[in-house]
Structure formats: structure tokens, C-alpha cells
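Visitor: coords please:
(chains A, B, C and D)
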Protein chains: 2
Amino acid sequence: MEENETLECCNEIHNEVVEKVSSQMPPDEILYDLAELFKVFGDSTRVKIICALFESEMCVCDIAQVLGMNQSAISHQLRVLKQSRLVKYRREGKTVYYSLADSHVQAIFNQGFEHITE
Amino acid sequence: MEENETLECCNEIHNEVVEKVSSQMPPDEILYDLAELFKVFGDSTRVKIICALFESEMCVCDIAQVLGMNQSAISHQLRVLKQSRLVKYRREGKTVYYSLADSHVQAIFNQGFEHITE
DNA sequence: TATATATATGAACAATTATTCATATGAACA
DNA sequence: TGTTCATATGAATAATTGTTCATATATATA
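Guide: From the prediction side, this is the model:
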């Protein structure tokens, strides 16, 4: 991390661009939060969980079956998804049903899907 | 990873759902690639680079200035972005100019942005 | 050809994280 | 109340990864 009172690129001609871009960057905190959100999508187990929930709400055990993983691993990942407000849940007796929180989840998923499949 | 010839949830009533969801899951390879893509968005340095490139194409040195990081770190991250086809570049003498590869990048970014700011 | 400059890259280290195992919590029911 | 079952969680381990430092590559120019 270098200090620069006046931002200067190695290429003097670019200093104007550097100043302009710097002034238009969103706050660090926003960009940090955004990275944290994408980090949640950046794990294949969680992507699979999200994808499964497109079809139907499911209990933890259901999801574990579909993914062929154990209950604990799924539960840990559901907590991550819950903390990012990507899934919601409802309790019914001993069973907890998870489902997708809102349409952004599908929108983000679809955009990514388009990118890799073109 | 448990073996299950016939998928069975702890809740017998759910077996139908488990079978249906399982049959509609995209291939593992696709979901793995999708997670890899989002992983690239899941780092604040790379998110900042992407965000900076929304404004203008820039050389490596420009980007390093805007982010207040050293050239090597930026160059390493640009390679990651390049490998995921999120940025493209053109060489002009000693300088290499980077820019965003396509509109999916902005679309994914915007969807994420909407999610965290609502 | 020798030098300077912009960028790329390999190795190493520190930090983060996904999974497993063991166990705890919470709800239903005998 | 005690037992069973679905889910949650803490600790530990293994694997991944971002940054730094040192150095290599590639281009321009003297």
C-alpha cells in the first residue's frame, strides 16, 4: 500500500484517467460486501444447494441426499447462505425447510450461467 | 459421500421431491465451473479492478494507483480475471491496457449490488 | 547492444475456509 | 420424563489462495 497524495501513474498522460476513476469508485465497504456476497456463490457445494432450491423447498436431509453429502456439511453451508440472506427457512416440527430468499439469487445465478455457457 | 441406489430422505414423504430435484440438477461440471466463476468475483481486489474498469480501460500501473496496491498484486489478479474471460487486453508498446470482456460482467456485478443494497 | 521501463511470473508465507467428527439443541411422542 | 429424530454447532484438519519479494520477459530508445 503506497501513499499518494496526488495519484500518479507511471504514464503521466494517464493521471487524468486515474483521478477520474478514483473519484467515481464506490466506497470500499460496499465493494468489500459485494465480494463477500460473491464469495458465497463461489463454492460448488453452495451453488448446488442454490440450484437444488430452484426446484423446490427442501429440508436439510433432502439436500444432503441430493448432493450426496452428510448432514453436517450441508447445515454448515446453509448457515453461510442464511447469513447472506440468500436462503430463508421455516420450521415444521423437527424439520426445517429451506428455500431461496429472493429473485436476485436466480438472477445472479443465471447471469453467471450465461457467461460460462457461451 | 454416501452411496444411495435409491435416494431416500429421512422423511419418507420427501423421496419424491428428492428424486425430482436430483433428476433436474445440471451436470456437476457446469456447477463447478459456475462456482469457479463466482469465486473470481469473490475477492475485493478483483471486485475493485472490475469496478474501476467500468469507467475506463486502464494499464496495470493505472489500476495499481487507483487501488493503492503494488503492480505485482494487480498483475496476478488481472491474470485470474483474464483466465475467466472477464477482462481483455491490448498491448501498446510497453503498456498493456485492460478492459472488461463483455456485458455479463456488469450484469453480474449489478445484480450483486442490488442484493446488498436493498 | 546496453539501458530503462511496463508487465508478468515463480516461490514462500499467512490467512481463510470446507469438511469431518463428535456432540449439543430442540421438537415430538411414548 | 426419557427417548428418538432432525438440525445446529464447535474444534480440528487439510486445502486453497492473496500478497509480497525477487526476478524474468518484452518493448522502446539511446
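
Visitor: for A:S44, what are its contacts?
Guide: Neighbouring residues of A:S44 by Cβ atoms under 8 Å, 6 or more residues apart in numbering or on different chains: B:D28, B:L31, B:Y32, B:L34, B:A35. Every residue, glycine included, has its C-beta placed from N, CA and C.

Visitor: please read the previous query as pertaining to A:E36.
Guide: Contacts of A:E36 (Cβ under 8 Å, 6+ apart): A:S84, B:G42.

Visitor: where does it sit: helix, strand or coil?
Guide: Here A:E36 is recorded as helix under DSSP: H, G, I helix; E, B strand; the rest coil.

Visitor: for DNA strand C, see how far away it is.
Guide: 8 Å (Cβ to the nearest atom of the strand, to the nearest Å).

Visitor: helix/strand/coil for A:V96?
Guide: Per three-state DSSP, A:V96 ends up strand.

Visitor: which residue packs closest to it, ignoring adjacent ones?
Guide: A:Y89 (5.3 Å; Cβ to Cβ, 6 or more residues apart in numbering or on different chains).

Visitor: ok, that neighbour - how many residues close by?
Guide: Neighbours of A:Y89 under the rule other Cβ atoms under 10 Å in any protein chain shown: 15.

Visitor: tell me which element it falls in.
Guide: Secondary structure from DSSP states H and E places A:Y89 in strand A:87-92.

Visitor: on that earlier part again, thought the residue nearest to A:V96 was touching A:A101?
Guide: No - contact criterion Cβ atoms under 8 Å: A:Y89 and A:A101 do not qualify, at 9.6 Å.

Visitor: just read off the phi/psi values of A:M25.
Guide: Per-residue torsions, A:M25: phi -70, psi 140 (degrees, to the nearest 10).
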